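Colleague: Fold the stuff below for me.
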Amino acid sequence: MTLKKRYSFLMTFAFSLFTWAQEGIPVYFDYLSDNYYLVHPSMAGIGEGGKVRLTARKQWFDIDDAPNLQTLNAHYRVGDRSGIGAILFNDANGYHSQSGLKLTYAHHLRLGGEIRSLNQLSFGLSTTILQSSLDESEFRSVTPDPALVGSKISDAYFNIDLGMSYNFLEFYAHATVLNALSSKRNIYYKDRTDNPNIGIFDNLRRYLFSVGYVFGRDDWQFEPSTLFQMTDFTQEKTIDINAKVYRNMDFGTVWGGVSYRRSFDGAQYATGTTFGQQRLQLITPIVGLNYKNFMVSYNYSYQMGDIRFDNGGFHQITLGFDFLQSEKRYDCKCPAVNY
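Modeller: Below is the predicted model of the structure:
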C-alpha cells in the first residue's frame, strides 16, 4: 500500500467512525443555495411550481479517494396543499460509499390571515432506499484479522425522514428527524455474529433545527439564519451561523454570504509531551446568481485549527432550474428570497 493509500485508509477509517451516524446525505452547506429541501422534507413544494438542483462536492483534490458527494433533487407544488419531491445521491469516502433515493410527500396547511400574507405550517415525510458498500479487497494484514472479509461487501437499507416547517412572512423555522427508524448497518458485521468484538448498533438518528429571517424588501435583503444538528447515538452537536446578502439587479439577483460551523465537543491530540483539544471549525463563503429561471452557486469550506489532514478546502457547486413558475402569490420575500 502506497503512502497516499495509507493516508487514505487512515482517513477513511476515521471518517467511517464518524459517518456511522451519518447514514444518508451528509449535511454540508448546500442548503444555503436555495436548497433547504435537501435537508428538510417539509420544504418539498414550499413555493410556486417546481425546482431542480444538482450539486457536486469534492474535498482535497490532491488526495486519492478523497470524500466526494453528488446530489440531484427536484420538488414540485401540487395544488394548494401538497408537495412532492425526489432526491438521488452518491457519497464516496475512501473505501466506503453509499448511494440512494429519497421520495418525499409534504402537506402544507394555511393558518389564516390575509391571502397575500404567508402563514403556513408544513409536514414532510421522506422514504429512503440506500445501498451501502465497503471495499476491503485491498486490505492486507500479516496476522489474519477476523474483522476483515477481504472483499467488497454491500447491503441495502430502508429508512424514513420526518420534518416540520413553519413560515410566517419572512420568518421561517424547520425541525427534522433523519433516519427515524432503527436500521442495522450489516456491512460492518456481515457474517461475523460469532465475534463478540464486533459492535452492533441500529440508532442512526440525527436531529436538525433551522431558523432564519429575511430583512428588507427593496433592492437589498439581509438573511441571518442558523442550523443546529445533533447525532443521537454519539451525542455529537454542531451549529451553523449564517449570514447572506441579496442584491436585486435588472437581470436577476446576485447574492453571497458566509457560514461558520462549530462543534460543541472537541477531539484530543498529542503534540510532543503536551495534549490539546480541537473542535471542528469550518468557515464557508458562498456566492450565487439567479438569472431568469436558472441558478448557480459556489461555496468553499476551509477547516480551521492546528491539526488538519490537508491545507486544501472543500469545493461545492450547485446548478438549479425553476420550472412552471406562476405569478408570486405572497407579498413578502417568502418562503425564501429566491422563491
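Colleague: Helix, strand or coil: sort out the nearest residue to Phe233 once chain neighbours are set aside for me.
Modeller: Distance criterion Cβ to Cβ, 6 or more residues apart in numbering; nearest residue to Phe233, sequence neighbours excluded, is Asn203 at 4.4 Å. C-beta: built from backbone N, CA, C; applies to glycine. Classification of Asn203 by DSSP: H, G, I helix; E, B strand; the rest coil places it in coil.
Colleague: so Asn203 makes contact with Thr234?
Modeller: No: between Asn203 and Thr234 there is no contact under Cβ atoms under 8 Å: 9.4 Å.
Colleague: after the worst-scoring helix or strand of the chain on mean pLDDT, next one along is what?
Modeller: In the chain, no helix or strand scores lower on mean pLDDT, DSSP states H and E than helix 3-19, which sits at a mean of 39. Sequence order places strand 50-59 as the next helix or strand after helix 3-19, per DSSP states H and E.
Colleague: what packs against the following helix or strand past that next one?
Modeller: Next helix or strand after strand 50-59 toward the C-terminus (DSSP H and E): strand 68-78. Using 3 or more Cβ pairs under 8 Å, 6 or more residues apart in numbering; DSSP states H and E, the elements in contact with strand 68-78 are strand 50-59, strand 82-93, strand 96-110.
Colleague: can you redo those strands as a markdown table with mean pLDDT and mean neighbour count?
Modeller: What follows is the helices and strands packed on strand 68-78, written out as a markdown table (pLDDT from 0 to 100; neighbours: other Cβ atoms under 10 Å):
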| stretch | mean pLDDT | mean neighbour count |
| --- | --- | --- |
| strand 50-59 | 91 | 20 |
| strand 82-93 | 93 | 19 |
| strand 96-110 | 93 | 19 |
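Colleague: and Phe171, which of those is closest to it?
Modeller: Among those, the nearest to Phe171 by Cβ to Cβ is strand 96-110 (15.7 Å).
Colleague: Run through the neighbouring helices and strands of that closest one.
Modeller: helix 3-19, strand 68-78, strand 82-93, strand 119-135.
Colleague: Indicate which one of the ones you listed is closest to Val258.
Modeller: strand 68-78 (21.0 Å).
Colleague: so how many other residues sit close to the closest residue to Ser117 other than its chain neighbours?
Modeller: Setting aside the residues directly before and after it, Ser117 is nearest to Leu169 in space (Cβ to Cβ, 6+ apart), at 6.3 Å. The tally of other residues near Leu169 (other Cβ atoms under 10 Å) stands at 17.
Colleague: confidence score at Leu169?
Modeller: Leu169 carries a pLDDT value of 90.
Colleague: what do you get for Lys328?
Modeller: 70.
Colleague: sorry, back to before: rebuild the helices and strands packed on strand 68-78 as JSON lines, extending it with distance to Asp161.
Modeller: Formatted as JSON lines, the helices and strands packed on strand 68-78 follow (distance: least, Cβ to Cβ, whole Å):
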{"stretch": "strand 50-59", "distance to Asp161": "17"}
{"stretch": "strand 82-93", "distance to Asp161": "10"}
{"stretch": "strand 96-110", "distance to Asp161": "7"}
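Colleague: These: which one's closest to Leu134?
Modeller: strand 96-110 (5.4 Å).
Colleague: What strands line up against that closest one, and which way round?
Modeller: Strands that pair with strand 96-110, judged by DSSP bridges, come out as strand 82-93 (antiparallel), strand 119-135 (antiparallel).
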